[in-house]
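**Q** Sharing a sequence plus its predicted fold:
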Amino acid sequence: MTIPLRSAPLIVLLFGILGAPRPGHAQWPQAKLTGLSRLGSRVGESVDVTLNGTDLEGVHSLWFDHPGIRAFHLKGTTFRVASAPGTPLGHHDIRAVGTYGVTNPRTFVLGDRPETVETEPNNVVSQANIVTLNSVINGQITATDVDVFGFDGKAGQRLLIELTAERLDSRLDATIHILNADGRELAECRDALGVDPFLDLTLPADGRYFIKVHDVVYGGSADHSYRLSLSDGPHLDAILPTVATPGVPTSFTLIGRNLGGTPAPDLLIDGRPIERKTVTITPPASGEIDPLAPSLRFFPSPAAPRRGFEYVLALPSGTSNPLFIAEATEPVVLEAEPNNDDEHAQAVTLPCDISGTFGAPNDSDIYRFSARKGEVWWIEATAERLGSPADPAFLIQQVVAKAPPKDLGSAEDTPDPGGGPRFGVGSVDASLRWTVPEDGTYQVVINDLYASQRGDPRLVYRLNIRPERPDFRLFVVPASTTLVDSLTIAAGGRATAYVLAWRTDGFAGPIHVEAVDLPPGVRCEPVTIATGQVVAPVVFEAEDGAKPRVGTVQLIGRSRFGDRKDELHYVSGATKLGPDLTHQAIAGTMIWPPGNPLTPTMAPARVSRGFVLAVVEAGPLTLAASPQTFIVAQGHQLNVPLTVTRRNAFAEAVTVTAADLPANVVNGTATIAKAEASGTLPLFVAKTVAPGDYTFVVRGTGPFPFSKDPNAKTKPNITLNEPSNAIRLVVRPAPVTLTVNNKGGALKPGGTLEVDLTVARQGGFADDLTVTLTAPPALKLSAAPVTIAASQTTAKFVVQAADDSPVGAAAGVAVRAVATVRGESIEVDEPLVLTLGK
């Protein structure tokens, strides 16, 4: 049956900064790391590494995610990197630290095999670098470059040749060719593991062989580095089951090559023989991912919401690649073939956590079960998040006596919930919320989207059928949506990051996020990801005089916090307390900026090892908002008081506007003049803003003369972009609606304007209310308060302009109805359009 589908980290010091970089504004220097001359070393050894990037002036230190790795500055952007024996094998993050802050991470690998570096010229067979079996070659492809390596082999010898580039943050899209001693091509590969090549080759005769490496379009640069491994060691293709119960010793079947296991003549991958090996593994007690050590290998953003652990097979010939095993939430069930048609459907009992494989072309697996009317089940098929190349999709069907099954629903790809270019977590995995329509027998039919073209043991999947358990995951990423970025804070200033929520099983409640283990001198006010929202800004602030440094910070998200009785009371019947959940945020990073022709608004992104920030010397501008919390009703004119602090000869006007506002809050713009230190930003919380707890920031921009050369005679202007502190906005349901019947008008200085008002009480409110005027003080407007009795719905309101009121459009003016609800004063505003004229 085919489903109808679509076609702890080291702390180092940082000196000599001129100012704080601002995410997304290229005019201000921000150190960025784009590539490394070599991408790894053997653990316990020292190697020289040269950095490639932008704004790397003054780079003096390297930051690593593990204290077992250290760097010694040699010259310019070249460092000697040393790892201590016992430092964990696998991927590590490296960041550079210099004049313009701390960079984004790049991957540095620690392996357990001997390593060499390619030497040029090696473009043709006669110039080949000779390498040995069970070794790793670090290479780099420059424009039009071809690298050739020679090795000696024996007839019948089975070798695994793997090039890693894309999975190490490299721009190289490599192709490899295997040639015999006569130059005849025996094999060629690209795009086997992502865009990285992998070849499984049995040598036909004794003699010398050659590996030729080049970019698919013969491009190249200092950002086109790679690691090439040549081994007869273990390689894991799959592991079954794909899930395991935490803390319970479990028997697993490893499927792969050179495992020292039992040949599996019934299994082939690309025509090559495969082995099985049985091992017993005890999963960790929790599948929660460690934010500081999230993975042994490449961890792409679509897989970021997963829970579980990685497994590697260590043999004398080396350590295998890791495979991911998910944390089981229900009793584990293994697929039992044949289960490909209705007559052979595999019976299961709900709930269950099923491990299966699309082992042959056109393979469909059917799981049948009983369910009762009204039950709610989440059905989720995962493969990409396991590291499997499968693209699963499924149908839910009702089994009907003496008739074909009846289709009830289907699921395929999971869209990104809103992280977008910063850190997209959409995937080809599928999920569906299903309510059982009536007592009966049902089945899930699952297959691979490309079933007609493929089928082999690597195409494993997990089919999880579980009760509804609302939950969330958190991710924290740098602020820019267009640039690979990092977080640098000027002393006395602020910088923003973004926290993203991945909500599961219908979880829609607010998430309270706070920072822990902050570096000395750094503060971060808690923020809330509002009900139904995905993204919220997080503002980090360095106190005046904070010492330059680099460190990590962790963010904790909670679904319950403080005393929420008020929130529950005001949204009667709509706000549920929900589950008590706590999760740490996983850090993420763009690998390259968006711009892929197929997905121009999305960027390749991965999980990073800790969220790193730098504190630097004071910058030219600091912006502050006070108070930090506003509690308002729907329909409210909000005037945010702001202050600016200017330094380093910055003396220009600052334009301010809000960012990250909730939907239907009307943004404003204001300018704080050169001679002024304070101002007000008008915002309007419309009647249609959903009640909730929100976080936003105000950004101030202004021109600043700057040059990297402090002695430059002329310095061009750059644009400063400074965030305020995080501002909390609590929106209550409005007890009344207020209508200004004549909407406003013209008003002369010293004159008056009569305004007709209508009020409509709602939500059970039936008391008196008072009408007042709200306006920026600079407008010099006033009005006597008017009381509207409980029995009244209309009133007249008189606005008075002072003799010296400024001429022009009067922004930020509103009529305000003030009601007392359960002892709290609630204000509802209606904008008043006024023009002050002579």
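**A** Received it, and whenever you're ready, just let me know what you need.
**Q** rest of the way, CA atoms for contacts and neighbours
**A** Fine.
**Q** what bits of the chain have low per-residue confidence?
**A** By pLDDT under 70, the weakly predicted segments of the chain are 1-27, 561-578, 596-600, 743-744.
**Q** And the helices in the chain?
**A** With helices called from DSSP state H, the chain shows them at 565-570.
**Q** So what are the sheet partners of the longest strand along the chain and their directions?
**A** As assigned by DSSP state E, the longest strand anywhere in the chain is strand 692-705. Neighbouring strands of strand 692-705 in its sheet, by DSSP bridges, are strand 654-659 (antiparallel), strand 717-723 (antiparallel), strand 727-732 (antiparallel).
**Q** ok, and what's touching that strand?
**A** 510, 527-531, 536-537, 623, 625, 650, 652-662, 715-732 (Cα atoms under 8 Å, 6 or more residues apart in numbering).
**Q** Wait, residue 830 touches residue 812, no?
**A** No. In this structure, residue 830 sits apart from residue 812 without contact. The criterion is Cα atoms under 8 Å, and the distance is 10.4 Å.
**Q** more neighbours, these two?
**A** When residue 830 is set against residue 812 and neighbours are counted by other Cα atoms under 10 Å, the residue ahead is residue 830, at 25 against 22.
**Q** On the strand side of things, show who the more buried one bridges to.
**A** On the basis of DSSP bridges, residue 830 is bridged to residue 815.
**Q** next one: residue 759
**A** In this structure, residue 759 has the following beta-bridge partners (DSSP bridges): residue 738.
**Q** how deep is it tucked in, by neighbour count?
**A** With other Cα under 10 Å as criterion, residue 759 counts 17.
**Q** same deal with the one 3 residues further on?
**A** Neighbour count of residue 762, defined by other Cα under 10 Å: 12.
**Q** Then residue 158?
**A** With other Cα under 10 Å as criterion, residue 158 counts 18.
**Q** so it sits right up against residue 233, yeah?
**A** No. Shown here, residue 158 and residue 233 do not form a contact pair, counting by Cα under 8 Å, at 9.6 Å.
**Q** thinking again about what came up before, figure out which of the strands paired with strand 692-705 is closest to residue 560.
**A** strand 727-732 (16.2 Å; Cα to Cα).
**Q** May I have that closest one exported as CSV, CA atoms only?
**A** Below are the C-alpha coordinates for strand 727-732, written out as CSV (Å, rounded to 0.1, in the frame of the first residue of the first chain):
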residue,chain,number,x,y,z
ILE,A,727,10.3,45.6,29.0
ARG,A,728,7.5,43.4,30.3
LEU,A,729,4.0,44.1,29.0
VAL,A,730,1.1,42.5,30.8
VAL,A,731,-2.2,42.9,28.9
ARG,A,732,-5.5,42.5,30.7
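**Q** mind checking how far that strand is from the chain centre?
**A** Using Cα atoms, centre = their mean, to the nearest Å, we find the averaged C-alpha position of strand 727-732 to lie 25 Å away from the chain's own average C-alpha position.
**Q** Check stretch 389-397 too.
**A** Between the mean C-alpha location of stretch 389-397 and the chain-wide mean there is a distance of 25 Å, by Cα atoms, centre = their mean.
**Q** what's the answer for stretch 657-665, then?
**A** Centre to centre, stretch against its chain (Cα atoms, centre = their mean), the figure for stretch 657-665 is 21 Å.
**Q** Check this protein and tell me which residue is nearest its centre.
**A** When the chain is reduced to its mean C-alpha position, the closest residue under Cα atoms, centre = their mean turns out to be residue 423, at 3.2 Å.
**Q** Verify the stated contact: that residue with residue 480.
**A** No. Taking contact to mean Cα under 8 Å, the distance of 10.6 Å between residue 423 and residue 480 leaves them out of contact.
**Q** Need the residues touching each of residue 830 and residue 812.
**A** Overlap between the neighbourhoods of residue 830 and residue 812 consists of residue 637, taking contacts as Cα under 8 Å, 6+ apart.
**Q** For the closest residue to residue 443 other than its chain neighbours, give me its contacts.
**A** Closest residue in space to residue 443, ignoring its immediate chain neighbours: residue 368 at 4.1 Å, by Cα to Cα, 6 or more residues apart in numbering. Counting by Cα under 8 Å, 6+ apart, residue 368 touches 345-348, 441-444.
**Q** Stretch 195-209: end-to-end distance?
**A** Taking Cα to Cα, to the nearest Å, stretch 195-209 runs 24 Å from one end to the other.
**Q** Tell me the buried residues in it?
**A** Along stretch 195-209, these residues count as buried under the neighbour rule (16 or more other Cα atoms under 10 Å): 195-201, 203, 209.
**Q** domain assignment for this protein?
**A** When the chain is parsed into structural domains using automatic domain parsing, the resulting residue ranges are 32-111, 119-231, 235-284+307-327, 332-417+425-469, 472-731, 734-836.
**Q** returning to that earlier point: residue 794 versus the residue nearest to the centre of the chain, what's the distance?
**A** Residue 423 is 52 Å from residue 794, where distance means Cα to Cα.
**Q** Tell me what residue 174 is bridged to.
**A** Using DSSP bridges, the bridge partners assigned to residue 174 are residue 215.
**Q** just checking, it touches residue 218?
**A** No. The pair residue 174 and residue 218 fails to qualify as a contact (Cα under 8 Å) at a distance of 9.0 Å.
**Q** what's the straight distance from one end of stretch 337-347 to the other?
**A** Distance between the two ends of stretch 337-347: 12 Å, counting by Cα to Cα.
**Q** what sits up against it?
**A** Contact with stretch 337-347 is made by 1, 335-336, 363-369, as judged by Cα under 8 Å, 6+ apart.
**Q** quick one: contacts for residue 505?
**A** When the contact criterion is Cα under 8 Å, 6+ apart, the partners of residue 505 are 378, 433, 468-471.
**Q** Distance to residue 402 and neighbour count added to those residues, as TSV?
**A** Output for those, formatted as TSV (distance: Cα to Cα, whole Å; neighbours: other Cα atoms under 10 Å):
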residue	distance to residue 402	neighbour count
378	28	19
433	28	17
468	32	17
469	36	13
470	38	15
471	41	20
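**Q** Can you name the two of these that sit furthest apart?
**A** Based on Cα to Cα, the longest span within the contacts of residue 505 runs between 433 and 471 and measures 14.2 Å.
**Q** Who is residue 136 paired with across the strands?
**A** Residue 136 has these beta-bridge partners by DSSP bridges: residue 115, residue 229.
**Q** how close does the residue lying closest to residue 129 once chain neighbours are set aside get to residue 125?
**A** Nearest residue to residue 129, sequence neighbours excluded (Cα to Cα, 6+ apart): residue 149, at 4.7 Å. For residue 149, the distance to residue 125 equals 8 Å [Cα to Cα].
**Q** Over to residue 204?
**A** In this structure, residue 204 lies at 19 Å from residue 125, with Cα to Cα as the measure.
**Q** And residue 417, by the same measure?
**A** 50 Å.
**Q** Alpha carbons only: can I get stretch 715-723 in PDB?
**A** Taking Å, rounded to 0.1, in the frame of the first residue of the first chain, the C-alpha atoms of stretch 715-723 are listed here in PDB:
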ATOM      1  CA  LYS A 715      36.100  58.700  10.400                       C
ATOM      2  CA  PRO A 716      33.000  57.800   8.400                       C
ATOM      3  CA  ASN A 717      29.700  57.500  10.300                       C
ATOM      4  CA  ILE A 718      28.400  54.100  11.200                       C
ATOM      5  CA  THR A 719      25.000  53.400  12.600                       C
ATOM      6  CA  LEU A 720      24.800  52.500  16.300                       C
ATOM      7  CA  ASN A 721      21.900  50.200  17.200                       C
ATOM      8  CA  GLU A 722      21.400  49.900  21.000                       C
ATOM      9  CA  PRO A 723      18.700  47.900  22.700                       C
END
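**Q** More neighbours: which of residue 149 and residue 125?
**A** Regarding residue 149 and residue 125, a neighbour count based on other Cα under 10 Å identifies residue 149 as having more, with 25 against 19.
**Q** Drop anything exposed from the contacts of strand 692-705.
**A** By neighbour count, with 16+ other Cα under 10 Å, the contacts of strand 692-705 hold 510, 527-531, 536-537, 623, 625, 650, 652-658, 661-662, 718-732 as buried.
**Q** So what pairs up with the residue nearest to residue 443 in the strands?
**A** Per DSSP bridges, residues listed as beta-bridge partners of residue 368: residue 347, residue 443.
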